[in-house]
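Peer 1: this one's sequence-less:
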């Protein structure tokens, strides 16, 4: 074998091989570092997108209920409906287990005279439907909404224990079970129908799955079959609910100003409420160290600073809802 051929048959030396391995490790390590960094950013962005989607879902759910508030099937005039909680001629027509009872409002779910109500930064039902075990988050508003479902239900499809309103444009009645009442007027009219009665009280809890898990949530006390009141977890990561109401102060049918629930109650203006502003403050379920999460939001006319020290990312969503059913023309 010639000297030239021998040189061509020689491989890498040990030093050259080690240098090549070190260079390869550096390149691979850099690639992995870049991948991990990109993946972390992607995860954080996905959490942000999930939070935004949850916020919009939650506020649309509340807005849907508010838009339907005050509709009782064939009419929006509660005075035409018999056997409401304020109707003494029926006594106590329906009893909902663990009803959201406060002084002057003994049968909360059937108080049709007040389709929308709220309390300002306080839980009025601490001994009934929103007890201490629900972890009500102090400083957040509690929002009540009541209405009859717009979809008519055939008498043959009525369910035992479910609360309904049977109504037309002349009269109606609240009832429970699968036997509808006979109305005094237009009973046989095609305009007379049964509608499921909805009653909700939205509030914020300091936990989602179990007490002490540290993940706040949006919940509601709901009228369900029984009839009874059931607590339902809607969306995790909601840390605040604030509401203001558009009030007609001049009697012209238009909103002149927005007031807090406490102001509306003090002025006895619930019958002049025609719109609502809702604010929901959301928080990621997981902390995001290394990200500046400090933000300031304008919620119900006041600056609210969040984030920073706790490493949670925050997002706020708001909406204005016109409640046309409350205008009883």
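Peer 2: In hand now; what should we look at? Not measured: the values here are computed from a predicted model.

Peer 1: look up how far residue 324 lies from residue 198.
Peer 2: 17 Å (Cβ to Cβ, to the nearest Å). In this view, the C-beta of every residue, glycine as well, is placed from N, C-alpha and C.

Peer 1: packing partners for the host helix or strand of residue 195?
Peer 2: Taking DSSP states H and E as the criterion, residue 195 maps to strand 193-205. Under the contact definition 3 or more Cβ pairs under 8 Å, 6 or more residues apart in numbering; DSSP states H and E, strand 193-205 sits against helix 14-68, strand 142-148, strand 163-167, strand 217-224, strand 238-247.

Peer 1: so it versus strand 238-247, what angle?
Peer 2: Strand 193-205 runs at 130 degrees relative to strand 238-247, counting by axes from the mean of the first three to the mean of the last three Cα atoms, to 10 degrees.

Peer 1: what comes up buried for strand 193-205?
Peer 2: 193-205 (16 or more other Cβ atoms under 10 Å).

Peer 1: and for stretch 258-274?
Peer 2: Neighbour counts over stretch 258-274 (16+ other Cβ under 10 Å) mark 258, 259, 260, 261, 264, 270, 272, 273, 274 as buried.

Peer 1: let's have these in CSV, adding distance to residue 99 and pLDDT.
Peer 2: As requested, those are arranged in CSV below (distance: Cβ to Cβ, whole Å; pLDDT from 0 to 100):
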residue, distance to residue 99, pLDDT
258, 30, 95
259, 27, 95
260, 26, 95
261, 20, 95
264, 23, 93
270, 20, 90
272, 27, 91
273, 23, 94
274, 28, 94
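
Peer 1: pull the most distant pair out of those residues.
Peer 2: Spatially, the most separated pair among the buried residues of stretch 258-274 is 260 and 274, at 16.1 Å (Cβ to Cβ).

Peer 1: return the member of the buried residues of strand 193-205 nearest to residue 83.
Peer 2: residue 197 (11.0 Å).

Peer 1: rewinding a little: of the helices and strands packed on strand 193-205, which is nearest residue 77?
Peer 2: Nearest to residue 77, of all the helices and strands packed on strand 193-205, is strand 163-167, at 9.7 Å by Cβ to Cβ.

Peer 1: who are the packing partners of the closest one?
Peer 2: Counting by 3+ Cβ pairs under 8 Å, 6+ apart, strand 163-167 packs on strand 142-148, strand 172-176, strand 193-205.

Peer 1: I'd like the ones you listed as a markdown table, with mean pLDDT and distance to residue 21 appended.
Peer 2: Shown next, in a markdown table, are those (pLDDT from 0 to 100; distance: least, Cβ to Cβ, whole Å):
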| stretch | mean pLDDT | distance to residue 21 |
| --- | --- | --- |
| strand 142-148 | 96 | 65 |
| strand 172-176 | 92 | 79 |
| strand 193-205 | 96 | 56 |
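
Peer 1: tabulate those strands (a markdown table), appending distance to residue 214.
Peer 2: As requested, the helices and strands packed on strand 163-167 are exported to a markdown table (distance: least, Cβ to Cβ, whole Å):
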| stretch | distance to residue 214 |
| --- | --- |
| strand 142-148 | 22 |
| strand 172-176 | 39 |
| strand 193-205 | 12 |
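
Peer 1: the ones you listed: which one's closest to residue 182?
Peer 2: Across these, closest to residue 182 is strand 172-176 (Cβ to Cβ), at 8.9 Å.

Peer 1: okay, now the sheet partners of the closest one, with direction.
Peer 2: strand 81-82 (parallel), strand 163-167 (antiparallel) (DSSP bridges).

Peer 1: what's the shortest one in contact with?
Peer 2: The contact list for strand 81-82 (Cβ atoms under 8 Å, 6 or more residues apart in numbering) reads 72, 75, 89, 90, 112, 165, 167, 171, 172, 173, 174.

Peer 1: neighbours of the last one, just the number please.
Peer 2: If I follow you right, that is residue 174. Counted with other Cβ atoms under 10 Å, residues neighbouring residue 174 total 26.

Peer 1: which one of the buried residues of strand 193-205 sits closest to residue 132?
Peer 2: Of all those, residue 132 sits closest to residue 205, with 11.0 Å by Cβ to Cβ.

Peer 1: isn't the closest one right up against residue 134?
Peer 2: Yes. Residue 205 lies in contact with residue 134 (Cβ atoms under 8 Å); the separation is 5.6 Å.

Peer 1: now the common contact residues for the two.
Peer 2: Among the neighbours of residue 205, those also in contact with residue 134 (Cβ under 8 Å, 6+ apart) are residue 219.
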